[in-house]
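[1] Okay, sequence plus prediction incoming.
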Amino acid sequence: MLRTSRLGTLLVGSRTITEDQLNRALDFQKQQDCRLGEALIELGYCSEVEITRALAEQMDLAFIDLSLTPPEPHVLRMVPRDLAVRLGIVPVRIELGRMLVAAKNPLDISIDEALRGAVRMPVAVCAAAPGQVSDTLQNYERLKWSLDTAGAVRPPSPPAAGVPLTAPPFGGGASVRAEQQILQRLQALIGDALRKGARDIYFQPLPNGLEVRGWVDGVMQPLEQMTGTDGGQMLNSLRALCGFAAGRERAASTCEIRVDGNLQQFACRSMPVIDGLVIILRARSGEGAPLRLDQLGLEPEMLRAVRAGLATRTGLVLVAGPMESGRSTTLYAMLQEVSQPSLRIVTVEGSAEARVPGALQFQFDSHRAEANRLKVEALSERPDVLLLDELEDRPMAEAACRLAMESTLVLGGVYAPHALRALARFADLGLPAYTTASALTGILAQRLVRRLCPDCSGPTLLPPDLERVLASLYGNLSTVAFRRGKGCARCHGMGTRGRIGVLEWIEVDEDLRRLLSDRAMPSAIQEHLDRRGHRSLEHDAFRKAAAGLISPEEILGLRLETARKLAETIGQPLAVDRWE
């Protein structure tokens, strides 16, 4: 039976949803204590656009779908971005002498007064899906320099006083105005990428244009795609800014680009791809204080265990993880934990993460002979604490174990997806089993996963297959309230903001030392860990998902036991890391 709801009646009447779907949404609304529109979106019965259109009809308001009626760039340039963000509006077009604007809250009476004073013309406020408005505001600076509907870019406004545009000309007969415009678009695009949290920005040539993407919280995000000559001109301008000589395929340098009125330093590199040269910018944020051990996301019990392992001031502690897993950050947090002015501290790294007062810090390039020479020099110092960012060859691993068995605390990095695989990687180096067993104090394995945005995350329902798999691994889920990000202006529509570590710690006790010396099978080692109540990397991820810090999908992203069981359940192959 259809229960009454004016919004629901409109949606059923327009055949957007069925009566059965409305009744389910009303039940979900009651359970989650949310609005009906939010319930319909969360259950996947309606889009935000459909809900907003129905609400506008209910309140007799004009409605704009920004995907069908995108804003005109020259109209965006009439309203400063800061004002648009503060009001939650997007200027769309000029119609009959009025500025048409799309608003998150069209009933806000301050919009009309604020815009009239800024643009000196009447304003018509229309309802729009909040998500569409937020997405447009995120890309405001880029969109206002894109092509107008007429097919030509209008002349840009002059730059603000005290914010000069400085860059070598990119040639090709381009006018000063066109050159300035390309630079402004480049600055706006880079600024947009940095606001979204991009660590690396990729400018990749296409057969007929340019694609720009950003590496944000471990995921590649599309930022811009240009066709025609604009992409080539921007790439040429960027090449000049980076100081790359014409015709040189591989190059590296540093440069400064003015972003949002401030000079931002970038490390730049180029390399050949199919359609030309890709240029990659990495923002240099400056040297900040290293994180402390208690800031890494370790559960209290695990934090105490790691600190106990470091307190011995001897032995080998491995930090395991794949690329971009934050291993260096953790190694420096451990170093900070044990650092004292009276200790001889030595670090050997490909690129120093931070400066350590009083320490001897060796930095080597990618040349293997140079790296080995520096490592030998570092070991000859007989340090009290030694940090090696990579333990990937037998001679260095043997030397590290020898020092660890004497009187040195060795902190070493290993590329491995989890702690047991780190043991296997170390065994693969060919060291005698008793040497590894005697030297090891513990192994900390970690990954970085995306943290939910606290401003837009809300309760979510698990897909049935995933719910069954998680219940089989971790027990009854009836009291667990998983969450998922919906996307908002604060997280740039991604639903996540920043990253958090998921970690596991294996303490090498005497029983485990004996198993390692006897070259025990992996199953025997796993049984020993299970008896000790070991919490795996994946279990830590589940606990963080249950606490509402990350989405349950991040557990699958680890590609461990949950991913394997889910693949078996749905009958589809899935690559999974296992130590077998």
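    Good, I have the coordinates.
[2] For stretch 56-75, buried residues please.
    56, 63-64, 66, 70-75 (16 or more other CB atoms under 10 Å). Where C-beta positions appear, they are placed from N, C-alpha and C, glycine not excepted.
[3] Point out where this protein drops to low pLDDT.
    Counting by pLDDT under 70, the chain has low-confidence residues at 1-5, 146-177, 247, 285-289, 353, 364-379, 572-580.
[4] most centrally placed residue in it?
    The centre of the chain sits closest to residue 217, judged by CA atoms, centre = their mean, with a distance of 0.6 Å.
[5] Distance-wise, check that residue relative to residue 333.
    20 Å (CB to CB, to the nearest Å).
[6] Now do the lengthiest helix in the chain: distance to the chain's middle.
    The single longest helix within the chain, with elements called by DSSP state H, is helix 176-195. Counting by CA atoms, centre = their mean, to the nearest Å, helix 176-195 is centred 23 Å from the centre of its parent chain.
[7] Ok, stretch 381-389 next?
    Using CA atoms, centre = their mean, the offset of stretch 381-389 from its chain centre is 32 Å.
[8] Next, the buried residues of the longest helix of the chain.
    178-194.
[9] And for stretch 331-340?
    331-335, 338.
[10] can I have it written out in CSV, keeping just the CAs?
    The C-alpha coordinates for stretch 331-340 follow below in CSV (Å, rounded to 0.1, in the frame of the first residue of the first chain):
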residue,chain,number,x,y,z
LEU,A,331,60.6,4.6,9.4
TYR,A,332,61.1,8.3,10.4
ALA,A,333,58.4,8.0,13.1
MET,A,334,60.3,5.0,14.5
LEU,A,335,63.6,7.0,14.3
GLN,A,336,62.0,9.9,16.1
GLU,A,337,60.7,7.5,18.8
VAL,A,338,64.3,6.3,19.7
SER,A,339,66.3,9.3,18.8
GLN,A,340,68.6,10.7,21.6
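[11] what's next to it, contact-wise?
    290-293, 295-296, 306-307, 310, 313, 317, 319, 345, 347, 353-354, 356, 359, 385, 387, 389, 409, 411, 413 (CB atoms under 8 Å, 6 or more residues apart in numbering).
[12] Select only the buried ones of the residues you listed in PyMOL?
    The following PyMOL command selects only the buried members of the contacts of stretch 331-340, with burial defined by 16+ other CB under 10 Å:
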select buried, resi 290+291+293+296+306+310+317+319+345+347+353+354+356+359+385+387+389+409+411+413
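[13] my read: residue 465 touches residue 569, true?
    Yes. Assessed by CB atoms under 8 Å, residue 465 is found in contact with residue 569 at 5.1 Å.
[14] related to what we said a few turns ago, would you mind measuring from the residue nearest to the centre of the chain to residue 390?
    24 Å.
[15] and what of residue 273?
    For residue 273, the distance to residue 390 - CB to CB - is 27 Å.
[16] neighbour count winner among the two?
    Neighbour count, other CB atoms under 10 Å: between residue 273 and residue 390, residue 390 has more, with 16 against 10.
[17] In contact with that one: list those residues for me.
    350, 412-415.
[18] what do you get if the cut-off is 7 Å, keeping everything else the same?
    Neighbouring residues of residue 390 by CB atoms under 7 Å, 6 or more residues apart in numbering: residue 413.
[19] ditto for residue 415
    Contacts of residue 415 by CB under 7 Å, 6+ apart are residue 322.
[20] For the stretch 201-350 of the chain, which segments are assigned as helices?
    229-242, 300-311, 327-338 (DSSP state H, counting those that start in this stretch).
[21] okay, those in TSV with distance to residue 124 next?
    Listed next are the helices of the stretch 201-350 of the chain as TSV, based on distance: least, CB to CB, whole Å:
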stretch	distance to residue 124
helix 229-242	32
helix 300-311	56
helix 327-338	51
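[22] so residue 457 sits right up against residue 487, yeah?
    No. Using CB atoms under 7 Å, residue 457 is not in contact with residue 487; the gap is 10.0 Å.
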